[in-house]
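In: no letters, just coordinates:
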């Protein structure tokens, strides 16, 4: 009803993301293009070299890259754009520095983004959005600098509807990534008080944001247009279990699968020459001692870091996609964007959760028929063995593993469906007649 009359603005430091970072903002942007006449983006010059695989981004005049001077600017010059760091290289000192740069007020001054990015982004947004017509604004954490720009815009413009989006938490009860807890909470309340809505990826995370804003809404990660294009380029010659991603501070643990595979090989229920555990990511060194522990190093093949497109092709070619996450009584619902890439691939998913039971993730698996959710804390080794063996035997008999997730079940998990529902419910109905 309002298309061709409205403007949307996305503030995203990382746009589109480099490999290994969240694609959430990019999918949001792509979806907003269907609902607004123009969608403008404020991003950093730090990310300008990561867009070669998306040609239309380079030439889009509505994408404004603003000059930035922060610690990533210096680091990029030294590493030629390789911002991902192996888990094994992250020392305690580096974590302490990271936590300090993630904490107010340091995150505003010298943290990711920093003052120069914030001020340049603010003035660029003012100069490139209408002052009299409605503007839908969405900013993303992380970094917090994106939300600071949103906050400043709300102070100076009353025609802006601001959505402050969190793909993860600034104050994480398990990771303890910030210092000075009272100061952090004060800043969160102060800044988010100007937002019209706060969004996040799961019910578990929303519980930690509700104290800072009364109108906190779950807007899950979803299946985007790029994920829909992922198709296997060739069939795997071995039964393949694939994991693409990081080990994230050793909180993601594959032990249940490794132990199950070791037992199946020893029991001669699986032939070692016919199966492979394929890994794509930066943390090969984290896997090696685990593989040695369970004596299955011969099954493992590491591809190292690969592109996002290559990762999606691997996921679509796998017979089982392995997903690793963690849960605790303090924090559940760690539903990463990787889950939705796996859903799009429609291959059986084995989700191993390190920690307590996560009802929210179990609900998603039950709704979609995605595969098996297993917990080391509940000693689910036999369940994992049965799951892997059933898919392996199916592959032996037919040469393939049937898709376990139907397209119909995935409709409500697509970005276009979710954003239409979100905009209709929370934004379009707030607009005056004739807007």
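Out: Perfect, I can see it now. Predicted, not measured: the structure shown is a model, and the values here were computed from it. Residues are numbered from 1 along each chain as shown.
In: quick check: residue 116 is in a helix.
Out: Yes: according to DSSP: H, G, I helix; E, B strand; the rest coil, residue 116 belongs to a helix.
In: quick check: the gap between it and residue 124.
Out: Plainly put, residue 116 is 12 Å away from residue 124 if you go by C-beta to C-beta, to the nearest Å. (Each C-beta comes from the backbone N, C-alpha and C, glycine too.)
In: just residue 208 next, same as before
Out: Counting by C-beta to C-beta, the separation of residue 208 from residue 124 is 31 Å.
In: for residue 289, same thing?
Out: According to C-beta to C-beta, residue 289 and residue 124 sit 48 Å apart.
In: who has more neighbours, the two?
Out: residue 124 (18 against 8; other C-beta atoms under 10 Å).
In: can you confirm the more buried one is in a helix?
Out: Yes: membership of residue 124 in a helix is supported by three-state DSSP.
In: which residues does it contact?
Out: For residue 124, the contact set (C-beta atoms under 8 Å, 6 or more residues apart in numbering) comprises 42, 64, 66.
In: tell me the one of those nearest residue 142?
Out: Ranked by distance to residue 142 (C-beta to C-beta), the contacts of residue 124 are led by residue 42 at 15.2 Å.
In: so who does the closest one touch?
Out: So residue 42 contacts 9-12, 64, 66, 121, 124-125, 149 (C-beta under 8 Å, 6+ apart).
In: list the strands paired with the helix or strand where it lies, with their directions.
Out: Assigned by DSSP states H and E, residue 42 belongs to strand 38-44. Sheet pairing of strand 38-44 (DSSP bridges) gives strand 7-11 (parallel), strand 63-66 (parallel).
In: buried stuff in the biggest helix by length in the chain?
Out: Longest helix in the chain, counting residues (DSSP state H): helix 381-398. Within helix 381-398, the residues that count as buried by 16 or more other C-beta atoms under 10 Å are 381, 383-385, 387-388, 391-392, 394-395.
In: what residues of the next helix or strand after that helix count as buried?
Out: Remark: after helix 381-398, the chain's next helix or strand is helix 415-426, criterion DSSP H and E. Using 16+ other C-beta under 10 Å as the test for burial, helix 415-426 gives 415-416, 418-419, 422-423, 426.
In: cool, stretch 236-250 as well?
Out: For stretch 236-250, by 16+ other C-beta under 10 Å, it's 236, 238-248.
In: point out where the stretch 1-150 of the chain drops to low pLDDT.
Out: 1-4, 18-21, 48-59, 75-91 (pLDDT under 70).
In: where along this structure do the strands fall?
Out: 7-11, 38-44, 63-66, 135-141, 160-166, 197-200, 216-218, 239-244, 275-280, 300-302, 320-327, 349-355, 371-375 (DSSP state E).
In: contacts for the third one, please.
Out: Just to be clear, that refers to strand 63-66. Taking C-beta under 8 Å, 6+ apart as the rule, strand 63-66 contacts 15, 40-45, 47-48, 57, 117, 120-121, 124, 128.
In: and of the residues you listed, the nearest to residue 283?
Out: Nearest to residue 283 among the contacts of strand 63-66, with distances taken as C-beta to C-beta, is residue 47, at 22.8 Å.
In: list the residues that contact that closest one.
Out: So residue 47 contacts 13-18, 65 (C-beta under 8 Å, 6+ apart).
In: give me the neighbour count for residue 5.
Out: 13.
In: and stretch 117-124, what's buried?
Out: Within stretch 117-124, the residues that qualify as buried are 117-118, 120-122, 124, counting by 16+ other C-beta under 10 Å.
In: save those as JSON lines, and put in distance to residue 5 too.
Out: Formatted as JSON lines, those follow (distance: C-beta to C-beta, whole Å):
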{"residue": "117", "distance to residue 5": "31"}
{"residue": "118", "distance to residue 5": "30"}
{"residue": "120", "distance to residue 5": "29"}
{"residue": "121", "distance to residue 5": "25"}
{"residue": "122", "distance to residue 5": "25"}
{"residue": "124", "distance to residue 5": "23"}
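In: thanks a lot, catch you later.
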